[in-house]
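Student: Predicted model, plus sequence, below.
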Amino acid sequence: MSIFLCKLGVPDGSIIHKEVEAPGVEVLRQNLVEQGFYVFEIRKKPFQFLMDKVSSRRVDNKVLLTFNQELLVLIKAGLPIIQALDIILEKADKGRFNELLNSLREDIKGGASLSEALEKYPGTFPHLYVASIRAGERTGDLPQTIRRFILFVKRSEGFKKKVLSALFYPSFLIIAVSLAITLLLVYVVPTFSGIYSESGAQLPLPTQILIQFTNVLKRIFPLLILGAMLGVYLLRQYGNTPVGRLHLDTLKLRIPFVGKLVEKYSVTSFTRTLATVLASGIPVVESLKMTVGTLNNRLLERRLLEATRKVEEGMGLSVALESVRLMPSLAIRMIAVGETTGALEEMLVDISEYFEDEIDQQLFLLTTAIEPVIMIVMGVVIGGIIVTMYLPIFKIAGAMG
């Protein structure tokens, strides 16, 4: 998150200047336009680039989780925020986070609230966390707000670990197989071809084709490596542009099987975050704007911004989300039931848990199915290479027999 200075025109014809915190210029511009402003200028706050370097490193989730667990216990014991921070600082290890806590303590001692002190480090503390603390202070229920945030972080981190661990083994297998086949083609086959060329024997056609292929591959192998590295670099640069990010995120959603997994993962993050924010007492429209970044997909983010605009105009949340096709119809129906019964937060949690289970099952099927497929492909390719290279030996042995 960075702070931007905005020059805006309002519907009554006047011009205003305001500071706004946002993840980027494009998202901020779209947000402002949808709020009815005419955007004259958006620029980063002076020296913001220096502030970004100093404070843009996010606090690690484990550190933030530990801090909030300790803070919750001390606040529930009846201690004021400053005393609670003093006790945490006594036990904390020296480092960057310790310095941040000292700064927070000084700000609070000077009259700032905890949320106001946290807002001075927009790139360090998650925007969701700061907004939740602010809402907890307004409602007078800060301990409950912190407890919800702790639960949210635990569930989010646990789910991420599940997904990463499920994808690790197939990725490892694919890399290992690719390296094994490359080693055979680039080093082993040329060794055999050198032996055959010295013998002067007539080689079978499959062996000749394989040897010619590996000779070409060996010559251009460094170029292939450089080309792959350049391709990855250019793709990353393209993905860092607004248009490129949108195109790549759109492509992700269109890939068979993978696209559905990406969509469900995004919906899970969105609904879990929205439930946490709404439970903290933050209004629906503001909550929706805060959860845009959790989708981690530019196309879905655009759809959510469109849905947010419709909710601002008076449309129901479920109807707005359905109109922009943000999530599967089952999730829309569950949100509609939650709106009708007044249990929207609980229903959002149910949606996130339901899709978590679905993703778990699909990842399990993927990992169990991909292992035998990779092993079969590996066996066929490597076996074919070995048999092709041994064909001349079989031919000579047959002739001698």
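Tutor: Nice, thanks for sending it over. Residues are numbered from 1 along each chain as shown.

Student: Low-confidence stretches in the stretch 301-401 of the chain?
Tutor: 395-401 (pLDDT under 70).

Student: can you give me the strands for it?
Tutor: Assigned by DSSP state E, counting those that start in this stretch, the stretch 301-401 of the chain shows no strands.

Student: Tell me where it has helices.
Tutor: 317-323, 329-341, 344-400 (DSSP state H, counting those that start in this stretch).

Student: Now do the helix or strand hosting residue 262 against helix 329-341, angle only.
Tutor: Using DSSP states H and E, residue 262 sits in helix 258-279. Helix 258-279 runs at 20 degrees relative to helix 329-341, counting by axes from the mean of the first three to the mean of the last three Cα atoms, to 10 degrees.

Student: average pLDDT for the very next helix or strand once past helix 258-279?
Tutor: As assigned by DSSP H and E, the chain's next helix or strand after helix 258-279 is helix 284-290. Average pLDDT, helix 284-290: 86.

Student: outside of helix 284-290, which residues touch it?
Tutor: Identification of contacts with helix 284-290 by Cβ atoms under 8 Å, 6 or more residues apart in numbering yields 31, 127-128, 131, 273-274, 277-278, 282, 304, 307-308, 311-312, 317. Where you see a C-beta, it was placed from the backbone N, CA and C, and this is true even at glycine.

Student: Mind telling me what element the closest residue in space to residue 238 that isn't next to it in sequence is part of?
Tutor: Take residue 238 and drop its neighbours on the chain: the residue closest to it by Cβ to Cβ, 6 or more residues apart in numbering is residue 244, 3.7 Å away. Element membership for residue 244 (DSSP H and E) is helix 242-254.

Student: cool, residue 215 as well?
Tutor: Going by DSSP H and E, residue 215 is in helix 205-239.

Student: any idea of the angle that helix forms with helix 344-400?
Tutor: Using the same axes, to 10 degrees: helix 205-239 against helix 344-400 is 160 degrees.

Student: Residue 219 and residue 230: what is the separation?
Tutor: Relative to residue 230, residue 219 is positioned 18 Å away (Cβ to Cβ, to the nearest Å).

Student: Would you tell me what the next helix or strand after the helix or strand of the chain with the lowest mean pLDDT is?
Tutor: Among the helices and strands of the chain, helix 48-55 carries the lowest confidence by mean pLDDT, DSSP states H and E, at a mean of 45. On the C-terminal side of helix 48-55, the closest following helix or strand by DSSP H and E is helix 61-76.

Student: other SSEs contacting that following helix?
Tutor: In this structure, helix 61-76 packs against helix 81-91, helix 96-109, helix 142-183, with contacts taken as 3 or more Cβ pairs under 8 Å, 6 or more residues apart in numbering; DSSP states H and E.

Student: and if we set it to 6 Å?
Tutor: Applying 3 or more Cβ pairs under 6 Å, 6 or more residues apart in numbering; DSSP states H and E, one finds that helix 61-76 makes contact with helix 81-91, helix 142-183.

Student: List the buried residues in it.
Tutor: 64, 65, 67, 68, 70, 71, 72, 74, 75 (16 or more other Cβ atoms under 10 Å).

Student: Would you mind finding the most buried of the helices of the stretch 301-401 of the chain?
Tutor: Of all the helices of the stretch 301-401 of the chain, helix 317-323 carries the top mean neighbour count, a mean of 20, counting by mean count of other Cβ atoms under 10 Å.

Student: pull the CA atoms of that helix into CSV?
Tutor: Output of helix 317-323 as CSV, limited to C-alpha atoms (Å, rounded to 0.1, in the frame of the first residue of the first chain):
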residue,chain,number,x,y,z
LEU,A,317,-24.8,-8.0,-2.4
SER,A,318,-25.8,-11.4,-3.9
VAL,A,319,-27.5,-9.8,-6.9
ALA,A,320,-24.5,-7.5,-7.5
LEU,A,321,-22.1,-10.4,-7.3
GLU,A,322,-24.2,-12.6,-9.6
SER,A,323,-24.4,-9.8,-12.2
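
Student: that older thread, could I get the buried residues of helix 61-76 as CSV with distance to residue 332?
Tutor: Output for those, formatted as CSV (distance: Cβ to Cβ, whole Å):
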residue, distance to residue 332
64, 33
65, 32
67, 37
68, 33
70, 40
71, 37
72, 35
74, 42
75, 38
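
Student: what residues are up against residue 185?
Tutor: Neighbour list for residue 185: 214, 217 [criterion: Cβ atoms under 6 Å, 6 or more residues apart in numbering].

Student: Please report phi then psi for the residue nearest the centre of the chain.
Tutor: Computing the C-alpha centroid of the chain and ranking residues by Cα atoms, centre = their mean puts residue 296 first, at 5.3 Å. For residue 296, the backbone dihedrals are phi 60, psi 30 (criterion: degrees, to the nearest 10).

Student: burial count for residue 10?
Tutor: Neighbours of residue 10 under the rule other Cβ atoms under 10 Å: 12.

Student: Please tell me how far it sits from residue 283.
Tutor: 21 Å.

Student: what stretches of the chain score poorly on pLDDT?
Tutor: Applying pLDDT under 70 to the chain picks out residues 1-2, 21, 23-24, 45-57, 122-123, 199-201, 395-401.

Student: Just the buried residues of the helix holding residue 262, please?
Tutor: Buried residues in helix 258-279, counting neighbours by 16+ other Cβ under 10 Å, are found at 261-279.

Student: quick one on the thing from earlier: nearest residue to the residue nearest to the centre of the chain in space, ignoring adjacent ones along the chain?
Tutor: Closest to residue 296 by Cβ to Cβ, 6+ apart is residue 266, at 6.3 Å.

Student: how far away is that neighbour from residue 10?
Tutor: For residue 266, the distance to residue 10 (Cβ to Cβ) stands at 34 Å.
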